[in-house]
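Visitor: take a look and give me a structure for this.
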Amino acid sequence: LRHTFTAHFACLDAWPMLFLPFHNHSLLSLFTTMLLSFKQFRKEKNHQYRRLLWICFIIFELCCMYQYYQSSIGITSTPNSSSNNAATDNNRRRRHDHALTQFAHDVSCFDSPFTTIRTKMDTQYNKNNNSNNKDPVFDPNMYNVPERGYPKRTHLLDYDTSAVELEIEKHDRIVVQGMYFMANHDFEPLKTLIQQYSTSPKVVAVEKKVCLNIYLCNRRIPYINSLIMSLASYSSHQTQMDILKAEIHLLNTEKRTDRLDFKYLRNKLSKLPFVHKVHNITYRDEIYNNITDRDLTFREMFISDEISGLKICVESGLAYCIMMEEDAIVPVDFMTLLNQQVMEPLEQEGVLHMDGTGSISILSLYSYFNLVFKGLNRLHYPEYTKQSYYQHAAKLNSERYSRTMPPFERQYSISEKDYMYGTVAMMYTRDSAKKLVEYLQKVGVDPIHNADEFMNAKEYFPTEMGIPRKHVDPSLVNHIGYYSERMADIKERGMFSQLNTDSRFMFDAGEL
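Guide: Below you'll find the model as predicted:
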């Protein structure tokens, strides 16, 4: 508007140098200056010429404004006079078109090139409408248009949305802090304190009721450091010793010949003061003893490892069993929260019993909220990022205070939830762990599914027990293993093939 009014006044009153160039249209500026510099034009009093020139400038100015608007939204089809600007616009259009094409590919389920996006999405919805794990889809009329400035693709970055970028930043901070913690933390005070609780007659012994098994292998990215760091984190002296309520076992599942020498486990992890025992479960379960002419398949190894870990829980004689993967993280005061918000409420309801029995088949401490391939809460969906992510994502107390929000409260609920994948953090009673061993040994011969499907899907172990699967919401244990060595060849989600997490998880909300 400023440029438009300046041009109009320049035409009417013949001010030669007042007109400012609009955007990068230098020809318009030059043309105006030349016309207004002529003395003959300045002395011209004929209103007809002035009116005609005024109209020409208005038309030309409107054309320039339209072109600028089109270029600003990245959909102009007119080449820019500058080759560099044209290349930039073309790149912008290609990225925009590629993002829309990728979205169409993500929601499609057929190979026919003649099937429209609307038909694919409607067909997929109808196909899964009565499924136990139905995958809701977006409104077919709603294009998942990329955020401004995304996706970011470099040798270092691979962010589809700002939600992905923020969650990766959390991941990286946790991994780096875990490495620093394990390299510099002094465990001697904790070791001394544990010895006092174990040997001093004046100190009341801490009652153990949980066998916590942690599956790990010789990974290139040491996620185990972050898990150990979070397990050892506490907010007060009262909660510091709650870690002793769990008997912690480390289960080495490494079977790759080039990584069998697990020095970090031998020299560092096995010497942690709260680790009860290290188990090398590289052996086969008894159901596979007759297989001597070949290596076990992945499904068979998966089932064998789960059986071995469950047997350790049963042999511990403790009431409850938790099977946890190393690429996970727990909140500060984890054992306190587990006891106060999961075990004690279920014990009061009569669902759990201290003798190792109870009415649960499987209880997932991780709620599978933001998944890569299922559901609407996918971090790489621009529509989810723009509409829901920032409401879901956990916020530190400092941020909550700045937004006049109440302080963060750790509140967890337990409910029935059908889901058929994953073993990030599973809780059982000793009785249900024993029954799961028997069930996996029965279905593990020539298995048609992986162990996690037999354990989670309601038509398998929950039906065998006659008790639905349950989960804790939001996640009490969160998944952070975005880099998967086993699935590194899967390129659908770029670098982060396993970007499954719960954005609502809070490790430590901090002080106000």
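Visitor: what's the mean pLDDT across whatever helix or strand Asp172 lives in?
Guide: Using DSSP states H and E, Asp172 sits in helix 162-184. Helix 162-184 shows a mean pLDDT of 95.
Visitor: next helix or strand past that helix?
Guide: Next along the chain from helix 162-184, counting by DSSP H and E, comes helix 188-199.
Visitor: on that earlier part again, what does the helix holding Asp172 contact?
Guide: Outside helix 162-184, the residues within contact range by Cβ atoms under 8 Å, 6 or more residues apart in numbering are 147, 150, 152, 157, 159, 221-223, 225-230, 232, 268, 329, 370, 379-380, 384-385, 389, 393, 480, 482, 496, 499, 501, 503, 507. (Each C-beta comes from the backbone N, C-alpha and C, glycine too.)
Visitor: filter these down to the buried ones, PyMOL style.
Guide: In PyMOL, a selection of the buried entries from these looks like this (16 or more other Cβ atoms under 10 Å):
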select buried, resi 147+150+159+221+222+223+225+226+227+228+229+230+232+329+370+379+380+384+385+389+393+480+482+496+499+501+503+507
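Visitor: quick check: helices, which of the contacts of helix 162-184 are part of them?
Guide: Counting by DSSP state H, the part of those found in helices is 223, 225-230, 384.
Visitor: the helices in the stretch 301-450 of the chain, which residues?
Guide: 334-338, 344-348, 382-384, 390-392, 397-402, 430-443 (DSSP state H, counting those that start in this stretch).
Visitor: can I get those in JSON lines with mean pLDDT and distance to Tyr320?
Guide: Listed next are the helices of the stretch 301-450 of the chain as JSON lines, based on pLDDT from 0 to 100; distance: least, Cβ to Cβ, whole Å:
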{"stretch": "helix 334-338", "mean pLDDT": "96", "distance to Tyr320": "9"}
{"stretch": "helix 344-348", "mean pLDDT": "95", "distance to Tyr320": "10"}
{"stretch": "helix 382-384", "mean pLDDT": "92", "distance to Tyr320": "35"}
{"stretch": "helix 390-392", "mean pLDDT": "95", "distance to Tyr320": "30"}
{"stretch": "helix 397-402", "mean pLDDT": "94", "distance to Tyr320": "31"}
{"stretch": "helix 430-443", "mean pLDDT": "96", "distance to Tyr320": "7"}
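Visitor: closest to Asp295 out of the ones you listed?
Guide: helix 430-443 (19.4 Å; Cβ to Cβ).
Visitor: give me the buried positions along that closest one.
Guide: 430-437, 439-441, 443.
Visitor: what's downstream of that helix, the next helix or strand?
Guide: Toward the C-terminus, helix 430-443 is succeeded by helix 451-456 as the next helix or strand (DSSP H and E).
Visitor: tell me which residues are up against that following helix.
Guide: So helix 451-456 is contacted by 299, 302-303, 305-306, 362, 364, 419-423, 426, 436, 439-440, 443-444, 447, 460-462, 469 (Cβ under 8 Å, 6+ apart).
Visitor: what segments of the stretch 301-450 of the chain are strands?
Guide: 320-325, 328-329, 363-364, 413-416, 425-429 (DSSP state E, counting those that start in this stretch).
Visitor: which strands and helices sit next to the fourth one?
Guide: It refers to strand 413-416. strand 470-473 (3 or more Cβ pairs under 8 Å, 6 or more residues apart in numbering; DSSP states H and E).
Visitor: avg pLDDT for the strand it packs on?
Guide: On average, the pLDDT along strand 470-473 is 96.
Visitor: in a helix, Asn218, correct?
Guide: No. The assignment for Asn218 (DSSP: H, G, I helix; E, B strand; the rest coil) gives coil, which keeps it out of a helix.
Visitor: dump the residue contacts of the closest residue to Arg403 other than its chain neighbours.
Guide: Nearest non-adjacent residue to Arg403, counting by Cβ to Cβ, 6 or more residues apart in numbering: Lys395, 7.6 Å away. Neighbouring residues of Lys395 by Cβ under 8 Å, 6+ apart: 403, 405, 408.
Visitor: mind putting the helices of the stretch 301-450 of the chain in TSV, distance to Ser316 included?
Guide: Shown next, in TSV, are those (distance: least, Cβ to Cβ, whole Å):
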stretch	distance to Ser316
helix 334-338	16
helix 344-348	19
helix 382-384	42
helix 390-392	37
helix 397-402	38
helix 430-443	8
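Visitor: would you mind measuring from the closest residue to Met335 other than its chain neighbours to Tyr412?
Guide: In this structure, Met335 finds its nearest non-sequential neighbour in Asp242, 4.0 Å apart by Cβ to Cβ, 6+ apart. To Tyr412, Asp242 is 16 Å away according to Cβ to Cβ, to the nearest Å.
Visitor: burial measure for the closest residue to Lys458 other than its chain neighbours, as a count.
Guide: Nearest residue to Lys458 in three dimensions, chain neighbours excluded: Asp418, at 5.4 Å (Cβ to Cβ, 6+ apart). Neighbour count of Asp418, defined by other Cβ atoms under 10 Å: 16.
Visitor: okay but Asp418 is in contact with Arg469, surely?
Guide: Yes. At 6.5 Å, Asp418 counts as touching Arg469 under the criterion of Cβ atoms under 8 Å.
Visitor: which outside residues touch the host helix or strand of Pro462?
Guide: Taking DSSP H and E as the criterion, Pro462 maps to helix 461-465. For helix 461-465, contacts defined as Cβ under 8 Å, 6+ apart pick out 361-362, 432, 435-436, 439, 454-456, 468-469.
Visitor: buried residues, it. List them.
Guide: Buried residues in helix 461-465 (16+ other Cβ under 10 Å): 461-462, 464-465.
Visitor: likewise stretch 358-369?
Guide: Neighbour counts over stretch 358-369 (16+ other Cβ under 10 Å) mark 358-369 as buried.
Visitor: got CSV for those residues, with pLDDT and distance to Leu272 too?
Guide: Shown next, in CSV, are the buried residues of stretch 358-369 (pLDDT from 0 to 100; distance: Cβ to Cβ, whole Å):
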residue, pLDDT, distance to Leu272
Gly358, 93, 30
Ser359, 92, 35
Ile360, 93, 30
Ser361, 94, 32
Ile362, 94, 28
Leu363, 97, 26
Ser364, 97, 26
Leu365, 97, 21
Tyr366, 97, 23
Ser367, 94, 28
Tyr368, 93, 29
Phe369, 94, 30
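Visitor: tell me the secondary structure for Tyr234?
Guide: coil.
Visitor: could you export stretch 345-365 as CSV, CA atoms only?
Guide: Only the C-alpha atoms of stretch 345-365 are listed here, as CSV (Å, rounded to 0.1, in the frame of the first residue of the first chain):
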residue,chain,number,x,y,z
PRO,A,345,-3.7,-49.0,43.7
LEU,A,346,-4.0,-52.4,42.0
GLU,A,347,-3.3,-54.1,45.2
GLN,A,348,-6.0,-52.1,46.9
GLU,A,349,-8.4,-53.0,44.2
GLY,A,350,-7.6,-56.7,44.6
VAL,A,351,-6.1,-56.9,41.1
LEU,A,352,-2.6,-57.7,42.4
HIS,A,353,-1.5,-59.8,45.4
MET,A,354,1.7,-59.8,47.2
ASP,A,355,1.9,-63.6,46.8
GLY,A,356,2.6,-63.2,43.1
THR,A,357,-0.9,-63.8,41.9
GLY,A,358,-3.5,-61.4,40.4
SER,A,359,-5.9,-60.6,37.6
ILE,A,360,-3.6,-59.3,35.0
SER,A,361,-2.3,-61.0,31.8
ILE,A,362,0.0,-58.2,30.7
LEU,A,363,0.4,-54.6,31.8
SER,A,364,2.4,-52.3,29.5
LEU,A,365,4.1,-49.4,31.3
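Visitor: that's all I had, so thanks and see you.
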